[in-house]
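> Any chance you could fold what I've pasted below:
(one chain, ligands or ions: 1)
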Amino acid sequence: MNEWIDDDDNEAKVDLRLWRKLLQYTLSYRRTAVTFTLVALALAMTDLSFPLITGMVVADIEQHGTDVNLVPYAWAFAGLSVTICASIWGFISCAGKIRTHVSHDIRRDAFQQLQQLSFSFYDRRPVGWLMARLTSDCQRLANILAWGVMDFIWGVLLMTGITIVMLVYNWQLALAVLGIVPVLFLVSVYFRKRILRASRLVRSANSRITASYNESIAGVRTSKVFVREKENLQDFDRLAEEMQRHSIRNAVLSAVYLPLVLTLASVSIALSLAWGGYQVQIYGLAVGEVVMFMYFAQLFFQPVQDMSAWFAELQMAQASAERVLSLVEAVPEIRDTPDVLRRLEETGSDGYPDRLEHISFEDVGFRYGSGPQILEGFNLSVEPGQTVALVGATGGGKSTLVNLLCRFYEPTSGRILIDGIDYRDRSLRWLQSSLGIVLQQPHLFSGTIGDNIRYGKLDASQEEVEDAARLAGAHEFITDLDDGYDTEVGEDGNQLSLGQKQLVSFARAVLKRPRLLVMDEATSSIDTETERQIQQGLARVLSGRTSFVIAHRLSTIRAADLILVIDHGRIVEQGTHQELLARRGRYHDLYTEQSMRDVVRTDDLIGGNGESVA
Ligand SMILES: Nc1ncnc2c1ncn2[C@@H]1O[C@H](COP(=O)(O)OP(=O)(O)OP(=O)(O)O)[C@@H](O)[C@H]1O
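Predicted coordinates:
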């Protein structure tokens, strides 16, 4: 499995430097954090007051018997109860607020980063990995950075208060109570970690079982045809057995943990009672004080348990923290150089004329990451307004060339010049806003067809949108739909056919009127008649604009000014359609092969152009 997908939840050493960075998310809500600290202080003081007053009542009764006036104590308890209610309300609302803000901020930063990162980043991280970072990891970190931090503040305040009060009252009894705390902490961390791990294993087994249900329901026909029912059941049994094992382990651990904590708490209370009782008998210590210490002993356990639980979670979430920070702090590989940034800041432009005419590749070499060399010493010169077509065997490097041209990747050696200037010396924004791209698998966003076309120019009028659609050959099918331009395309345009999606994406590119148009297999799912319409429309709109077309359907590029046959990252042939056919080389073979494969198409191509293939 890919190392990035692996959801490694094994506990790692807590890296404080990393958490300090993440803590900035909480600290940026200074006002809520300060309010929270005051609320936590009030809560801790109130918690602390209960044993104190209880101790006082008992001591008072011990001293004055039935003459004691209990009314002030009743009022004090009533006041404390109200304060505790208010503090808990404040506690929960502050922590909830901070959790929501922190979760939003981490997600926003991660999302913003995702928009900036280069394609190479996405090559190494699958979508599933990124989705998990944006959802479960962010959620988990937000919980720690809000509830964990809040519980920590409250716990520290309360434990410090109890320790001070106990030491001031009776240091020997205090030590008897406190002696058990480290043991409790260690036991808690030990069990919490194992319980957390076991419950995650249960969750993970559960999701695999759900996926298995899903797969067997979706693939029921295939399973039947291949008579796989028995094997499927065996696979399912294995998963179910695994889940059962983890669930039982989880239940056993929880069953051991709670009684153990309660026993430790009882030991601590018993110690204070025994030692306190001894002091009452020998040194005449007030019974109220012993009661107070027993109460304190009990009170001490809640924050210790909470803090040990968060500590265990902190260890388990170390991997999440690393993954999220690696995303938030990732530096885009392709970005404006400091020099370009300085020029942009000083003058608002990268300092060159807003023109995109002549393009040349000079000795360009390229490889994806540490992969094999895809291009080496690649040279090409494209004149203004030329249509360059790239054809050739699959995996030859056509899309790579176009990716380099669009600066989605940068050459690993050599240069790409636009009007004589290395494009790395120009701003990314300038280049990418000059581009129009139509892909074989175009992406449409949820919304209407009109919205999707307008994505190319947000302030375009309805008329402009329709004109663009007409030129792209999309108007006809759009107006045939019941809601026309207001038709909802669904998620990723899945309410439309692939051909219709390509037409909408064409219209979007046409509306933008780009200086450089790039089409990657863009007309593969469009019928020949529509394709001809598009060709005519584009010829009008893009006359004088440079374009690069990758096509497997060679009919798309017959009119290209320059056809390059690419193989293993090299140009093996170049020329116009006629020249290449006459040469009877690789292009001629490809063309003939394609014509043979599709007789109807061949008819159309020969008829359309009045030329013979053979
Ligand atoms: N993102 C990537 N990471 C690593 N290698 C890649 C990546 N994209 C392409 N390649 C490799 O680069 C080589 C050229 O691929 P490219 O997509 O440029 O070829 P192509 O000519 O466009 O192919 P096709 O006609 O099938 O689309 C192939 O060997 C491919 O495996």
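
> Show me the shaky parts of this protein.
Low-confidence segments of the chain, defined by pLDDT under 70, span residues 1-14, 128, 223, 521-543, 597-614.

> How about the residues of it by the ligand?
Near the ligand, the residues belonging to the chain are 123, 368, 371, 374, 394-400 when assessed by CB under 6 Å from any ligand atom. Every C-beta, even on glycine, is put in place using the N, C-alpha and C of the backbone.

> residue boundaries of the strands in the stretch 301-450 of the chain?
Along the stretch 301-450 of the chain, the segments classed as strands by DSSP state E, counting those that start in this stretch run 359-367, 373-382, 387-391, 413-418, 421-422, 435-439.

> so what strands line up beside the second one?
When sheet partners are counted by DSSP bridges, strand 373-382 sits next to strand 359-367 (antiparallel).

> Would you mind getting the angle between the strand it pairs with and strand 413-418?
Strand 359-367 and strand 413-418 meet at an angle of 150 degrees, taking axes from the mean of the first three to the mean of the last three CA atoms, to 10 degrees as the criterion.

> before we move on, back to that, mean neighbour count, the strands of the stretch 301-450 of the chain: which tops it?
Greatest average neighbour count among these goes to strand 387-391 (a mean of 24), per mean count of other CB atoms under 10 Å.

> And the contacts of that one?
When contacts are taken as CB atoms under 8 Å, 6 or more residues apart in numbering, the neighbours of strand 387-391 outside the stretch itself are 380, 382, 398, 401-402, 542, 546-552, 554, 556-557, 559-566, 587, 590.

> for stretch 212-227, how far is the first residue from the last?
17 Å (CA to CA, to the nearest Å).

> Touching it from outside, list them.
Under CB under 8 Å, 6+ apart, the answer for stretch 212-227 is 228-229, 232, 235-236, 239.

> any idea how far it is from the chain center?
Stretch 212-227 has its average C-alpha position 31 Å from the chain's average C-alpha position, going by CA atoms, centre = their mean, to the nearest Å.

> same thing with stretch 21-40?
Here the centre of mass of C-alpha atoms in stretch 21-40, compared against the chain's by CA atoms, centre = their mean, lies 25 Å away.

> Show me which residues of that stretch are buried.
By neighbour count, and taking 16 or more other CB atoms under 10 Å as the criterion, the buried residues in stretch 21-40 are 22, 25-26, 29, 32-33, 36, 39-40.

> just checking, what packs against the longest helix seen in the chain?
Assignment by DSSP state H gives helix 229-283 as the longest helix of the chain. The criterion is 3 or more CB pairs under 8 Å, 6 or more residues apart in numbering; DSSP states H and E, and the helices and strands that helix 229-283 contacts are helix 171-178, helix 181-218, helix 287-316.

> Helix 171-178 and that one, what's the angle between them?
In this structure, helix 229-283 runs at an angle of 170 degrees to helix 171-178, with the same axes, to 10 degrees as the basis.

> which residue lies farthest from the center of the protein?
The outermost residue of the chain, judged by C-alpha distance from the chain's mean C-alpha position using CA atoms, centre = their mean, is residue 67 at 68.4 Å.

> neighbours around the residue in the stretch 401-550 of the chain that the ligand sits nearest to, how many?
Distances from the stretch 401-550 of the chain to the ligand, computed as CB to the nearest ligand atom, single out residue 550 as the nearest residue at 6.4 Å. As a burial measure, the neighbour count of residue 550 was computed by other CB atoms under 10 Å and equals 24.

> for residue 180, same thing?
Burial measure for residue 180: 22 neighbouring residues, criterion other CB under 10 Å.

> and what of the one 4 residues further on?
The burial metric for residue 184, expressed as a neighbour count using other CB under 10 Å, is 20.

> Surely it touches residue 297?
No. With contact taken as CB atoms under 8 Å, residue 184 and residue 297 are classed as non-touching, separated by 10.8 Å.

> before we move on, the earlier item: can you redo the residues of the chain next to the ligand as CSV with distance to residue 281?
Written out in CSV, the entries for these read as follows (distance: CB to CB, whole Å):
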residue, distance to residue 281
123, 77
368, 82
371, 82
374, 88
394, 93
395, 91
396, 95
397, 92
398, 94
399, 89
400, 89
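
> Highest neighbour count among these?
Compared across the residues of the chain next to the ligand, residue 398 has the highest neighbour count, 26 neighbours, by other CB under 10 Å.
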